[in-house]
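Colleague: quick check, what structure comes out for this input:
(4 chains)
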Number of protein chains: 2
Amino acid sequence: MEDFSSEGRRTRQALRAAQLYYVQDQTMDTIARELSVSRSSVSRLLTHARDSGIVEINVSAPDDHVGDTEKRLGDRYGVRAHVVPTPDTLTDVERLERVAMNAARLVSEFVDSHMNVGVAWGSTMSVVSRHLVSRPTRHSVIVQMNGAGNTQSTGIEYSSDILQRFGQAFGARVQQFPVPAFFDDPATRDALWRERSIRRLLELQTRLDIAVFGVGSPFSEVPSHVYIGGYLGQADYRSLKEDKVVGDVATVFFRADGSSDNITLNTRSSGPRLATLRRVPRRMCIASGAQKFAGVRGALEGRLVTDLVVDEALARKLAEAR
Amino acid sequence: MEDFSSEGRRTRQALRAAQLYYVQDQTMDTIARELSVSRSSVSRLLTHARDSGIVEINVSAPDDHVGDTEKRLGDRYGVRAHVVPTPDTLTDVERLERVAMNAARLVSEFVDSHMNVGVAWGSTMSVVSRHLVSRPTRHSVIVQMNGAGNTQSTGIEYSSDILQRFGQAFGARVQQFPVPAFFDDPATRDALWRERSIRRLLELQTRLDIAVFGVGSPFSEVPSHVYIGGYLGQADYRSLKEDKVVGDVATVFFRADGSSDNITLNTRSSGPRLATLRRVPRRMCIASGAQKFAGVRGALEGRLVTDLVVDEALARKLAEAR
DNA sequence: CCTCCCGTTGCACGTTTGTGCAGTCGCATT
DNA sequence: AATGCGACTGCACAAACGTGCAACGGGAGG
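Modeller: Okay, here's the model as predicted:
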């Protein structure tokens, strides 16, 4: 059955315009005449073509030009590093924005049909989700990695919005994880974890093909919003400090050497155990800003990461560390 | 050893500019300030980045929008068809130009390291070679498929120029085939074919990963330049007619049903037997203009082609044929 | 040291492209 | 039929971009 709806027509036009523009190097003016629409419409068609994934633009270094820092990070931590060019003069917000754009592209590049994609939430992930370039896939699933909180701080939406945008971009089913980020009583969690509906999701988490996450840095000057969102109390902070925590991934905490055993708070967290996380074939960590240094380094030491996306300054710091 | 030569520097800058422009959506002006060069230089850097393969732009149909004609050609002849959008009002030259641009992109997409790429020559291939987007590969070889003539008709260069451009684009070694397109005496060919140096090349031809070629159409109104370049005489023409030839690939002739047995002229041709050609895993045929209809159809019937690149009008004709 | 040559740069200009706005069309609701 | 709504179009203007040209600079040869 053919699709003659206006949406199908639009896509066909966009496709044709894109071919003429990107492959045959026509100007929009020429294309406009060829499709008998106005030049402006062609401009809009091309925009549509770009962010609906009809055209796909890749920038890749010829092998002999992979950045020095990237190589060093690769050698030192065994990760594929993606260093985002960022002049040091940018504000934190701009820097994050740029890192997120790069990361979003990478995600769209990696995700494919029939994949289970684990997605965490947080301010970084929020920005990333807003820059995803759409790429229609089939039978892929977006899986929420840890329980959500409803945060309304500036620029952060409900975690479900983040997931929704991922779902949108890949035409994927979204699998929510309807539990709180932290439980008060570990026993409650354990009970809930025995529920059939929850078990199904936990099981899904063990079969992820990709996990995408940022890192929290609880003891940096600018704490991740997990720490200001009212999730944790004074006592919890003290507990983290005692356990020598340097960061978290999906609300699961770890130390500078990447270890997470016997960290009190983890017994109450809704996130996946690090051992589980490490079994995911591709684990993409996105971080921007020097204040994430300790957290990211811990995540790297703990082998939680296979693909690292960071800004230049942070990359340098990581490469030089130790 | 680091490469600090000006060429290496240029590439690094181009890479960075490309990332900023295509991934981070910066304007050239911004990028110029960031690299402290003029905006014009950024424009030039981006041009360089595009046609040196640092950025790679793909236009692909979402599966549910593959053209109708493409599907029909696929069903009918068992080829992957690439129909190039071309309004019917174009001149033959413009049409060819557009088809060639598309084809060139496809070639660059298919060719990879360690591949042997067979290349024919002719007016179509000449235009194609001029639009190749560079893609650095290693250990790949460009192999000339049939003996060359030195033609100076408009727009056609020596076949070696075509090969040279292929070599350039892929950083590949170029393997010339220093024999005439047609021999006067089959025996001369057979003798030459026993030469060690020639045998090495013939053997290479049997191990091609891709073959790229146009088709000749000897009996259309506008004959392929093979037929006007002085390669063939009156008697030869008669012989072709008697043998019911409709076209050629790499100066090897075939009939409407794709057969090539007992075609007199083939015993004197320097091109590969069709059986040999058919063993190449990917065989890309590029043709533009309705006058190629008979030739292309023969090539398709003879299963000489796995990937077909044609303009819209020709595609329609082929799809409707039979 | 000078000179010439070749490759690179920025400027200035014309061209090409993005976008706010107001007008139009189709469609569903009253 | 009238009304309202939303999606889409073309216009007009501003922003962004490509390129011929002249000036610059650094290296080889005299």
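
Colleague: in the sheet, who's paired with A:Arg173?
Modeller: Under the criterion DSSP bridges, A:Arg173 forms beta bridges with A:Val141.

Colleague: can you pull the contacts of it?
Modeller: Contacts for A:Arg173 were tallied using CB atoms under 8 Å, 6 or more residues apart in numbering or on different chains; they are A:140-142, A:167. Yep, even glycine has a C-beta here, placed from its N, CA and C like the rest.

Colleague: can you pick the most crowded of these?
Modeller: Comparing the contacts of A:Arg173 by number of neighbours (other CB atoms under 10 Å in any protein chain shown), A:Ile142 comes first, having 25 neighbours.

Colleague: that one and A:Leu163 touch, don't they?
Modeller: Yes. Applying CB atoms under 8 Å, one finds A:Ile142 in contact with A:Leu163, separated by 5.6 Å.

Colleague: which neighbours do these two have in common?
Modeller: Joint contacts of A:Ile142 and A:Leu163 (CB under 8 Å, 6+ apart) are A:119, A:174.

Colleague: got the residue ranges for the strands in chain A?
Modeller: Per DSSP state E, chain A carries strands over the ranges A:55-59, A:80-84, A:116-119, A:141-144, A:173-175, A:210-213, A:245-249, A:252-255, A:282-287, A:307-311.

Colleague: the inter-axis angle of the last one versus strand A:282-287?
Modeller: Our comparison of strand A:307-311 with strand A:282-287, counting by axes from the mean of the first three to the mean of the last three CA atoms, to 10 degrees, yields an angle of 10 degrees.

Colleague: and strand A:307-311 with chain B, contact?
Modeller: No. Using CB under 8 Å from any CB of the partner chain, we find that strand A:307-311 stays clear of chain B, coming within 11.2 Å at best.

Colleague: so what strands line up beside that strand?
Modeller: In the sheet containing strand A:307-311, its partner strands are strand A:80-84 (parallel), strand A:282-287 (parallel), by DSSP bridges.

Colleague: ok, and which of those strands has the densest surroundings?
Modeller: Among the strands paired with strand A:307-311, ranked by average contacts under mean count of other CB atoms under 10 Å in any protein chain shown, first place goes to strand A:282-287 (a mean of 25).

Colleague: just how off-centre is that one within its chain?
Modeller: Strand A:282-287 has its C-alpha centroid displaced from the chain centroid by 7 Å (CA atoms, centre = their mean, to the nearest Å).

Colleague: what does stretch A:289-303 give?
Modeller: Distance, centroid of stretch A:289-303 to centroid of chain: 16 Å (CA atoms, centre = their mean).

Colleague: quick one: contacts of it?
Modeller: Residues from elsewhere that reach stretch A:289-303, judged by CB under 8 Å, 6+ apart: A:77-79, A:92, A:95-96, A:215-222, A:246-249, A:254-260, A:274, A:278, A:285, A:287, A:305, A:308, A:310-311, A:313-314, A:317-318, A:321.

Colleague: number of nearby residues for the residue in chain A that DNA strand D sits nearest to?
Modeller: Among the residues of chain A, A:Ser38 lies closest to DNA strand D, at 2.8 Å counting by CB to the nearest atom of the strand. A:Ser38: 13 surrounding residues under other CB under 10 Å.

Colleague: so who does the closest residue to it other than its chain neighbours touch?
Modeller: Distance criterion CB to CB, 6 or more residues apart in numbering or on different chains; nearest residue to A:Ser38, sequence neighbours excluded, is A:Ala32 at 5.9 Å. Contacts for A:Ala32 (CB under 8 Å, 6+ apart) come out as A:38-39, A:41-42.

Colleague: most neighbours out of those residues, which is it?
Modeller: Neighbour-wise, those (other CB under 10 Å) top out at A:Val42, 25 neighbours.

Colleague: ok, that one - contacts?
Modeller: The contact partners of A:Val42, taken as CB under 8 Å, 6+ apart, are A:17, A:21, A:28, A:31-32, A:35.

Colleague: from these, pick the one nearest B:Gly118.
Modeller: In terms of CB to CB, no member of the contacts of A:Val42 lies closer to B:Gly118 than A:Tyr21, at 31.2 Å.

Colleague: OK, contacts around the closest one?
Modeller: By CB under 8 Å, 6+ apart, the contact set of A:Tyr21 is A:28, A:31, A:42, A:46.

Colleague: quick one: which two of these are the most distant?
Modeller: Across the contacts of A:Tyr21, the longest distance by CB to CB is 8.6 Å; it joins A:Ile31 and A:Leu46.

Colleague: pLDDT of stretch A:294-307, averaged?
Modeller: Stretch A:294-307 shows a mean pLDDT of 96.

Colleague: of all the strands of chain A, which lies closest to A:Ala100?
Modeller: It's strand A:282-287; of the strands of chain A, that one is closest to A:Ala100 (CB to CB) at 7.1 Å.

Colleague: related to what we said a few turns ago, now the strands of chain A as JSON lines including distance to B:Phe183?
Modeller: Formatted as JSON lines, these follow (distance: least, CB to CB, whole Å):
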{"stretch": "strand A:55-59", "distance to B:Phe183": "47"}
{"stretch": "strand A:80-84", "distance to B:Phe183": "55"}
{"stretch": "strand A:116-119", "distance to B:Phe183": "61"}
{"stretch": "strand A:141-144", "distance to B:Phe183": "63"}
{"stretch": "strand A:173-175", "distance to B:Phe183": "65"}
{"stretch": "strand A:210-213", "distance to B:Phe183": "59"}
{"stretch": "strand A:245-249", "distance to B:Phe183": "71"}
{"stretch": "strand A:252-255", "distance to B:Phe183": "75"}
{"stretch": "strand A:282-287", "distance to B:Phe183": "57"}
{"stretch": "strand A:307-311", "distance to B:Phe183": "58"}
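
Colleague: could I get the ones you listed as a markdown table with distance to DNA strand D?
Modeller: Below are the strands of chain A laid out as a markdown table (distance: least, CB to the nearest atom of the strand, whole Å):
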| stretch | distance to DNA strand D |
| --- | --- |
| strand A:55-59 | 13 |
| strand A:80-84 | 19 |
| strand A:116-119 | 27 |
| strand A:141-144 | 24 |
| strand A:173-175 | 22 |
| strand A:210-213 | 29 |
| strand A:245-249 | 37 |
| strand A:252-255 | 41 |
| strand A:282-287 | 26 |
| strand A:307-311 | 23 |
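
Colleague: of all those, which lies closest to DNA strand C?
Modeller: For these, the distance to DNA strand C is smallest for strand A:55-59, at 11.7 Å, taking CB to the nearest atom of the strand.

Colleague: can you give me the buried ones in the closest one?
Modeller: Neighbour counts over strand A:55-59 (16 or more other CB atoms under 10 Å in any protein chain shown) mark A:55-57, A:59 as buried.

Colleague: for stretch A:257-275, same thing?
Modeller: Neighbour counts over stretch A:257-275 (16+ other CB under 10 Å) mark A:258, A:260, A:263, A:265-266, A:268-272, A:274 as buried.

Colleague: what number of residues lie near the residue of the stretch 201-322 of chain A found nearest DNA strand C?
Modeller: The minimum distance from the stretch 201-322 of chain A to DNA strand C, using CB to the nearest atom of the strand, falls at A:Glu312 (21.9 Å). Neighbour count of A:Glu312, defined by other CB under 10 Å: 17.

Colleague: tell me the spacing between the residue nearest to it when sequence neighbours are not counted and DNA strand C.
Modeller: Using CB to CB, 6+ apart and skipping the chain neighbours, the partner closest in space to A:Glu312 is A:Thr86 (5.0 Å). Look at A:Thr86 and DNA strand C: by CB to the nearest atom of the strand, to the nearest Å, they are 22 Å apart.
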